[in-house]
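Asks: Pasting a predicted model and its sequence here:
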Amino acid sequence: MNRKIIFSLLFLLTFASLPALGNREKTVPTIVEVTGIVRLVGTDLFRELVISNENNIWYIAADEINKLIEMQHRTVTVEGEETVTELQFANGHPAGTRRELRNIRIIYM
(Lines give C-alpha, C1' and ligand atoms only; values in the text may rest on other atoms or scores of the structure.)
Protein backbone atom coordinates (compact mmCIF):
# COMPACT_ATOMS: atom_id res chain seq x y z
CA MET A 1 0.00 0.00 0.00
CA ASN A 2 2.77 2.47 0.92
CA ARG A 3 4.60 1.72 -2.31
CA LYS A 4 1.52 2.52 -4.35
CA ILE A 5 1.08 5.85 -2.57
CA ILE A 6 4.73 6.78 -2.95
CA PHE A 7 4.74 5.78 -6.63
CA SER A 8 1.55 7.76 -7.24
CA LEU A 9 2.99 10.86 -5.56
CA LEU A 10 6.24 10.63 -7.55
CA PHE A 11 4.26 10.18 -10.76
CA LEU A 12 2.09 13.22 -10.05
CA LEU A 13 5.03 15.41 -9.03
CA THR A 14 6.98 14.48 -12.13
CA PHE A 15 4.24 15.33 -14.59
CA ALA A 16 2.95 18.32 -12.65
CA SER A 17 6.37 19.96 -12.90
CA LEU A 18 6.78 19.56 -16.68
CA PRO A 19 5.20 22.95 -17.53
CA ALA A 20 7.88 24.61 -15.40
CA LEU A 21 10.44 23.73 -18.06
CA GLY A 22 9.09 26.41 -20.36
CA ASN A 23 8.34 26.38 -24.05
CA ARG A 24 10.22 26.71 -27.34
CA GLU A 25 8.94 27.77 -30.72
CA LYS A 26 11.16 26.97 -33.70
CA THR A 27 11.05 28.46 -37.15
CA VAL A 28 11.74 26.82 -40.49
CA PRO A 29 15.47 27.05 -41.37
CA THR A 30 16.45 29.85 -43.74
CA ILE A 31 19.76 30.38 -45.55
CA VAL A 32 21.66 33.35 -44.11
CA GLU A 33 25.09 34.91 -44.48
CA VAL A 34 26.67 35.81 -41.13
CA THR A 35 29.79 37.87 -40.38
CA GLY A 36 31.19 37.94 -36.86
CA ILE A 37 33.84 36.80 -34.40
CA VAL A 38 34.13 33.09 -33.56
CA ARG A 39 34.13 32.55 -29.79
CA LEU A 40 33.89 29.65 -27.35
CA VAL A 41 31.29 30.26 -24.61
CA GLY A 42 29.92 28.34 -21.66
CA THR A 43 31.51 26.28 -18.94
CA ASP A 44 33.99 23.44 -19.08
CA LEU A 45 31.17 20.90 -19.21
CA PHE A 46 28.80 22.80 -21.49
CA ARG A 47 30.92 24.55 -24.11
CA GLU A 48 29.42 25.98 -27.27
CA LEU A 49 30.93 27.73 -30.26
CA VAL A 50 29.26 30.95 -31.38
CA ILE A 51 29.63 33.62 -34.02
CA SER A 52 28.78 37.02 -32.64
CA ASN A 53 28.54 40.54 -33.98
CA GLU A 54 27.09 43.74 -32.55
CA ASN A 55 23.50 42.62 -33.22
CA ASN A 56 23.20 38.85 -32.65
CA ILE A 57 24.78 35.64 -31.45
CA TRP A 58 24.54 32.48 -33.56
CA TYR A 59 25.20 29.14 -31.87
CA ILE A 60 27.01 26.63 -34.06
CA ALA A 61 25.41 23.17 -34.25
CA ALA A 62 27.45 20.52 -32.42
CA ASP A 63 28.22 18.57 -35.60
CA GLU A 64 29.58 21.73 -37.29
CA ILE A 65 32.04 22.82 -34.57
CA ASN A 66 35.07 21.16 -36.19
CA LYS A 67 34.79 23.49 -39.20
CA LEU A 68 35.29 26.62 -37.07
CA ILE A 69 37.11 25.60 -33.88
CA GLU A 70 40.52 26.62 -35.26
CA MET A 71 39.21 30.10 -36.14
CA GLN A 72 38.52 31.29 -32.60
CA HIS A 73 38.95 35.05 -32.05
CA ARG A 74 38.91 35.72 -35.80
CA THR A 75 36.31 37.45 -37.90
CA VAL A 76 34.68 35.11 -40.40
CA THR A 77 31.85 35.18 -42.89
CA VAL A 78 29.82 31.99 -43.22
CA GLU A 79 26.67 30.88 -44.94
CA GLY A 80 24.33 28.36 -43.35
CA GLU A 81 20.84 27.35 -42.35
CA GLU A 82 19.58 29.50 -39.49
CA THR A 83 16.96 28.13 -37.11
CA VAL A 84 15.47 30.69 -34.74
CA THR A 85 14.02 29.43 -31.46
CA GLU A 86 11.93 31.76 -29.32
CA LEU A 87 12.47 30.71 -25.71
CA GLN A 88 9.77 31.18 -23.10
CA PHE A 89 9.75 30.94 -19.30
CA ALA A 90 7.19 28.70 -17.62
CA ASN A 91 5.05 31.73 -16.75
CA GLY A 92 4.77 32.66 -20.43
CA HIS A 93 7.19 35.60 -20.46
CA PRO A 94 9.77 35.70 -23.26
CA ALA A 95 13.20 34.33 -22.34
CA GLY A 96 15.05 35.47 -25.46
CA THR A 97 15.93 34.18 -28.88
CA ARG A 98 18.40 31.43 -29.77
CA ARG A 99 19.78 31.39 -33.31
CA GLU A 100 21.50 28.21 -34.48
CA LEU A 101 23.52 27.63 -37.66
CA ARG A 102 23.80 24.29 -39.48
CA ASN A 103 25.27 23.19 -42.82
CA ILE A 104 27.90 25.89 -42.63
CA ARG A 105 30.00 26.94 -45.60
CA ILE A 106 32.95 29.26 -44.91
CA ILE A 107 32.97 32.23 -47.31
CA TYR A 108 35.72 34.40 -45.84
CA MET A 109 38.20 34.07 -42.97
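Replies: Now that the structure is in, tell me what you want to look at.
Asks: Sketch out the strands for the protein, chain order is fine.
Replies: Secondary structure of the chain, counting by DSSP state E: strands at 23-26, 30-42, 47-52, 57-60, 75-88, 94-108.
Asks: ok, and which of the ones you listed has the densest surroundings?
Replies: strand 57-60 (a mean of 20; mean count of other Cβ atoms under 10 Å). For glycine as for every other residue, the C-beta is placed from the backbone atoms N, C-alpha and C.
Asks: Tell me where this structure is predicted with low confidence.
Replies: For the chain, applying pLDDT under 70 flags the ranges 1, 7, 9-25.
Asks: Go ahead and flag the most central residue of it.
Replies: In the chain, the residue lying closest to the centroid (Cα atoms, centre = their mean) is Arg98, at 5.4 Å.
Asks: ok, that one - contacts?
Replies: Arg98 is in contact with 59, 84-85, 87, counting by Cβ atoms under 8 Å, 6 or more residues apart in numbering.
Asks: From Tyr108, how far off is it?
Replies: As judged by Cβ to Cβ, to the nearest Å, Arg98 and Tyr108 stand 25 Å apart.
Asks: Then Arg3?
Replies: Distance from Arg3 to Tyr108, counting by Cβ to Cβ: 64 Å.
Asks: Of the strands of the chain, which is nearest Lys67?
Replies: Closest approach to Lys67 among these (Cβ to Cβ): strand 94-108, 5.6 Å.
Asks: Isn't Val38 up against Val76?
Replies: Yes: Val38 is within contact range of Val76, at 5.8 Å (criterion: Cβ atoms under 8 Å).
Asks: intersection of neighbour lists for these two?
Replies: By Cβ under 8 Å, 6+ apart, the residues touching both Val38 and Val76 are 51, 68.
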